[in-house]
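Undergrad: show me how the following folds:
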Amino acid sequence: MATRTLVRQLQSTIYRAEQMTPVRPLAMPPPGSGLKPVFGNPGLPVIGHTVTVLTDLLEASRRRYAEFGPVSWGVMLGAKTVTVIGPDALEALATNRDKAFGNEGFYDYLIGPFFRRGILLLDFDEHLHHRRIMQRAFTRDRLIGYLDVMTPAIERALAQWRPIDRFPVYTAAKRLTLDLATEVFVGERPGAEADQLSRAFVAAVHGGHALVRADVPGGTWARGLRARRFLENYFRERIPIKRAGSGQDLFSVLCRAQSDDGDSYSDEDIVNHMIFALMAAHDTSTITLAMTAHYLGKHPEWQDRVREESLALGEPAIEYGDLERLPALDMVVKESMRINAPVGGLFRETVKDTEILGHYIPAGTKVAGQVYATQRMPEWWSNPDVFDPERFAEHRREDKSHRYAWAPFGGGAHKCIGMHFGVMEVKAILHQLLLRYRWKVSPDYEPPMRYGTGPMPTDGLPINLTRIR
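TA: The predicted structure is shown next:
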């Protein structure tokens with residue numbers, strides 16, 4: 001408790017220092033445009049508002065919203081960035097009606113050296129072309145096949161979880177989802193080669209989170225670059241075998257996939273998409289799975305309710321059609337994703353002068369759409385900081401108040417192509433977890449978090465785990 005109080009005091013001190021820089025407009029609108037300037041302040045020298053955003057994103061966002069409204073600017077990671085909050089702003093950013101917002105510029109700045117030319121980093125016609133091919137890997141029949149591979153792998157992994165008082169569920173979930181991604185996406189069963197692949201992938205992810213963004217020997221960024229080169233070689237060497245074979249893992253499917261027009265991926269495309277797919281599937285599923293387990297531990301009445309649903313199905317091996325027979329679990333997962341959006345923002349860069357909600361934004365400006373803060377706005381959600389899965393029940397459906405009030409998968413042309421896979425994976429794991437274990441979390445415990453592209457617990461997210469069978 002004393003440590004947490006000290007951290008809060010330090011955060012408040014940093015925030016006050018950030019606010020000492022004068023408020024000014026980002027840029028003046030063209031005369032006669034009728035647009036308003038975006039107001040904000042740069043924050044601390046060089047780093048701007050980065051510290052408060054990485055350590056307490058929700059509070060930082062709420063303060064900016066209270067001071068400046070839904071559109072403001074500040075310096076983040078050394079770059080002037082416009083922050084937009086609220087479903088109207090997210091809709092404008094995601095739908096991108098005048099094609100003014102590109103993904104490549106901002107995402108390339110954040111993670112480009114490690115995940116360049118992944119599907120999220122492509123724009124406009126090129127993105128659409130690649131997406132049409134990739135959709136072949138996420139049809140209903142493909143998802144059923146992935147689930148068939150996933151189910152026994154989940155059973156093997158959960159059997160190894162140890163019932164202890166402080167079981168680190170986030171750490172365990174991270175290992176599990178990475179193993180599943182390696183097996184389902186790459187076709188690698190657990191072993192030395194899969195472990196080497198996993199280590200390289202983790203190093204690449206960490207590289208994207210590095211604060212010192214330079215190729216310093218021994219640094220996080222340098223290790224990430226080395227890992228990227230390993231992953232490129234790994235996938236490139238195996239493409240001929242995958243393309244000639246009949247495997248049903250994602251890697252094999254992408255090697256053979258064609259659009260309706262007969263278009264297919266080049267070898268370089270496959271390498272880039274596989275590296276990005278591993279990151280996208282692993283990171284988002286990990287935080288969703290771990291935080292859902294956390295909330296079920298803090299709310300035993302909901303844990304009992306969703307366990308009853310799983311018991312009614314009768315078998316650990318869940319079928320794809322059974323997912324619709326778990327309505328309480330569906331509400332719980334959605335509420336977990338509302339409170340802790342696995343991807344906290346939509347990141348774009350303007351490719352031409354444009355506006356959001358009547359505010360002028362010049363070309364070349366980085367824009368961050370705050371999904372995390374939007375999903376916690378009292379204007380759209382009752383008691384937004386309270387875990388309340390019933391808000392997704394048919395008689396309430398608070399998520400229907402605005403199509404972008406709940407937007408964990410983004411929206412528009414870049415809406416997450418693997419969202420159905422991710423939800424399927426999380427539910428399949430939780431179903432087996434509920435049948436095998438019971439767990440508790442102290443009502444007073446609040447996990448310490450840090451924020452990158454999404455939230456990450458810094459203490460492993462401990463739970464009191466007990467075996468049922």
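
Undergrad: which parts of the stretch 301-450 of the chain are strands?
TA: 345-350, 354-356, 359-361, 366-370, 437-440, 449-451 (DSSP state E, counting those that start in this stretch).

Undergrad: residue 198 is nearest to which of these?
TA: Proximity to residue 198 (Cβ to Cβ) singles out strand 449-451 among the strands of the stretch 301-450 of the chain, at 21.9 Å. From N, CA and C alone the C-beta is placed, and that goes for glycine too.

Undergrad: elements contacting the helix or strand just after the closest one?
TA: Toward the C-terminus, strand 449-451 is succeeded by strand 455-457 as the next helix or strand (DSSP states H and E). Other helices and strands packing on strand 455-457, by 3 or more Cβ pairs under 8 Å, 6 or more residues apart in numbering; DSSP states H and E, are helix 267-298, strand 449-451.

Undergrad: what are the pairing partners of the shortest one, and which direction each?
TA: When pairs are called by DSSP bridges, strand 449-451 turns out to pair with strand 455-457 (antiparallel).

Undergrad: how close does the residue nearest in space to the middle of the chain get to residue 454?
TA: The chain has residue 343 as the residue nearest its centroid, 3.0 Å off, counting by Cα atoms, centre = their mean. According to Cβ to Cβ, to the nearest Å, residue 343 and residue 454 sit 5 Å apart.

Undergrad: can you lay out the helices and strands packed on strand 455-457 as JSON lines showing mean pLDDT, distance to residue 469 and mean neighbour count?
TA: Converted to JSON lines, these look like this (pLDDT from 0 to 100; distance: least, Cβ to Cβ, whole Å; neighbours: other Cβ atoms under 10 Å):
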{"stretch": "helix 267-298", "mean pLDDT": "93", "distance to residue 469": "18", "mean neighbour count": "23"}
{"stretch": "strand 449-451", "mean pLDDT": "82", "distance to residue 469": "33", "mean neighbour count": "17"}
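
Undergrad: out of these, flag the one nearest residue 383.
TA: helix 267-298 (14.5 Å).

Undergrad: so what's residue 427 up against?
TA: 318, 323, 326, 329-330, 333 (Cβ atoms under 8 Å, 6 or more residues apart in numbering).

Undergrad: hmm, I typed the wrong one, I wanted residue 92.
TA: So residue 92 contacts 84, 356-357 (Cβ under 8 Å, 6+ apart).

Undergrad: any quick PyMOL command for the buried ones out of those residues?
TA: Only the buried members of these enter the following PyMOL selection, criterion being 16 or more other Cβ atoms under 10 Å:
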select buried, resi 84+356
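
Undergrad: kindly reformat the contacts of residue 92 as JSON lines containing pLDDT and distance to residue 130.
TA: As requested, the contacts of residue 92 are exported to JSON lines (pLDDT from 0 to 100; distance: Cβ to Cβ, whole Å):
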{"residue": "84", "pLDDT": "98", "distance to residue 130": "27"}
{"residue": "356", "pLDDT": "97", "distance to residue 130": "27"}
{"residue": "357", "pLDDT": "97", "distance to residue 130": "31"}
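
Undergrad: in this protein, where is pLDDT below threshold?
TA: 1-12, 15, 211, 452-453 (pLDDT under 70).

Undergrad: if we go to 80?
TA: When residues are selected by pLDDT under 80, those of the chain lie in 1-20, 190-192, 208-216, 218, 281-282, 451-454, 469.

Undergrad: a markdown table for the helices and strands packed on strand 455-457, including distance to residue 60?
TA: Below are those laid out as a markdown table (distance: least, Cβ to Cβ, whole Å):
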| stretch | distance to residue 60 |
| --- | --- |
| helix 267-298 | 19 |
| strand 449-451 | 9 |
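
Undergrad: quick one: closest of these to residue 80.
TA: Once the helices and strands packed on strand 455-457 are compared by Cβ to Cβ, strand 449-451 is nearest, at 19.6 Å.

Undergrad: that closest one: how far from the chain's middle?
TA: 13 Å (Cα atoms, centre = their mean, to the nearest Å).

Undergrad: contact partners of that strand?
TA: 53-55, 57, 344, 372, 455-458.

Undergrad: comparing the strands of the stretch 301-450 of the chain, which comes out most buried?
TA: strand 366-370 (a mean of 25; mean count of other Cβ atoms under 10 Å).

Undergrad: direction included, what does it pair up with?
TA: With DSSP bridges as the test, strand 366-370 pairs up with strand 79-85 (parallel), strand 345-350 (antiparallel).

Undergrad: burial count for the nearest residue to residue 366 once chain neighbours are set aside?
TA: Spatially, and ignoring its direct neighbours in sequence, residue 366 is nearest to residue 81 (4.5 Å; Cβ to Cβ, 6 or more residues apart in numbering). If you count neighbours by other Cβ atoms under 10 Å, residue 81 ends up with 25.

Undergrad: now residue 459
TA: If we define neighbours as other Cβ under 10 Å, then residue 459 has 13 of them.

Undergrad: what about it, distance to residue 290?
TA: Residue 459 is 11 Å from residue 290, by Cβ to Cβ.

Undergrad: just residue 276 next, same as before
TA: 22 Å.

Undergrad: re the thing from before, closest to residue 296 among the contacts of strand 449-451?
TA: residue 457 (15.2 Å).

Undergrad: pretty sure that closest one is touching residue 445, no?
TA: No: if you go by Cβ atoms under 8 Å, residue 457 and residue 445 don't touch, sitting 10.9 Å apart.

Undergrad: more neighbours, these two?
TA: Using other Cβ under 10 Å, the more surrounded residue of residue 457 and residue 445 is residue 457, with 20 against 13.

Undergrad: show me what that one is bridged to.
TA: Counting by DSSP bridges, the residues bridging with residue 457 are residue 449.

Undergrad: got a list of what it touches?
TA: Counting by Cβ under 8 Å, 6+ apart, residue 457 has contacts 170, 290, 447-449.

Undergrad: and for residue 164?
TA: Taking Cβ under 8 Å, 6+ apart, one finds 464-465 in contact with residue 164.

Undergrad: just residue 412 next, same as before
TA: So residue 412 contacts 94-96 (Cβ under 8 Å, 6+ apart).

Undergrad: name the nearest residue to it, ignoring sequence neighbours.
TA: Nearest non-adjacent residue to residue 412 (Cβ to Cβ, 6+ apart): residue 94, at 3.8 Å.

Undergrad: quick check on that neighbour: phi, psi?
TA: Main-chain torsions, residue 94, degrees, to the nearest 10: phi -80, psi -40.

Undergrad: touching, it and residue 411? I think so.
TA: Yes: with contact taken as Cβ under 8 Å, residue 94 and residue 411 are classed as touching, separated by 3.7 Å.

Undergrad: joint contacts of those two?
TA: The contact sets of residue 94 and residue 411 overlap at 346, 404 (Cβ under 8 Å, 6+ apart).

Undergrad: against residue 467, how distant is the nearest residue to residue 309 once chain neighbours are set aside?
TA: Sequence neighbours aside, residue 326 is the residue nearest to residue 309 in space, at 5.0 Å (criterion: Cβ to Cβ, 6+ apart). Remark: distance between residue 326 and residue 467 (Cβ to Cβ) = 22 Å.

Undergrad: cool, thanks, talk later.
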